[in-house]
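In: For reference, the sequence and a predicted model appear below.
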Amino acid sequence: MKTLNFSKAADGLLPAIIQDVNTRTVLMLGYMNEEALTKTQESGNVTFYSRSKNRLWTKGEESGNFLELISIKEDCDQDTLLIQVKPKGPTCHKGSDTCWDSKNESSFGFLSELEAKIKSRKENNSEDSYVASLFRKGINKIAQKVGEEAIETVIEAKDDNEELFLNESADLLFHYMILLQVKGFTLTDIVSVLEGRSH
């Protein structure tokens, strides 16, 4: 790490943004002085300087919900820290995953929004919803659609029409996400399998 600029910060404390290394969710904001940073690096558990307690404070020292240190990065001015962790339980002292009372879940951007929309269509079972109609027809029909879209994607992959290939690829992914839901799984489950294979 470069030389951190503790002298630039008020009371020698640098803000430390705590982020889950897997989900990328921001869990909390704390403050560190040089001693807290050193203890964090040595112990492997995130330690802050508590302004209210006026002492070093290791997150989880009372609750057991430690923040296991994965990495520490400083920003461009060397006066703010980004600390990636594996949380051992809820981060907030009020019992929630984050100090903003939000869930610490993996997010895949638009794909997570689409996954939620598919789930909503499944639960609402609207008569005029294509997705709901597939769920009503059952797993055999959904699996058949995935197979059809896979074949169409392979066919377009062998040609030179990029637009058709991308459209068929989108159809395949969309129907595969429906198949995942009918089987009771999510994109997060698939990512876990892939992560397990990468070790």
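Out: Received the coordinates, thanks.
In: Model confidence at the residue most central in space within the chain, what's the number?
Out: By Cα atoms, centre = their mean, the chain has its centre lying nearest to Thr23, at 2.1 Å. We have a pLDDT of 90 for Thr23.
In: Next up, the contacts around it.
Out: If a contact means Cβ atoms under 8 Å, 6 or more residues apart in numbering, then Thr23 has Asn104, Glu105, Ser106, Ser107 as its contacts. Quick note: C-beta positions are derived from backbone N, CA and C, even for glycine.
In: Roughly how far does the first one sit from Glu148?
Out: Right, the one you point to is Asn104. Remark: distance between Asn104 and Glu148 (Cβ to Cβ, to the nearest Å) = 37 Å.
In: Now, of the contacts of Thr23, which are buried?
Out: By neighbour count, with 16 or more other Cβ atoms under 10 Å, the contacts of Thr23 hold Asn104 as buried.
In: Next, format the contacts of Thr23 as TSV and append pLDDT.
Out: Shown next, in TSV, are the contacts of Thr23 (pLDDT from 0 to 100):
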residue	pLDDT
Asn104	92
Glu105	88
Ser106	84
Ser107	87
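In: got TSV for the contacts of Thr23, with distance to Ser169 too?
Out: Converted to TSV, the contacts of Thr23 look like this (distance: Cβ to Cβ, whole Å):
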residue	distance to Ser169
Asn104	31
Glu105	26
Ser106	22
Ser107	22
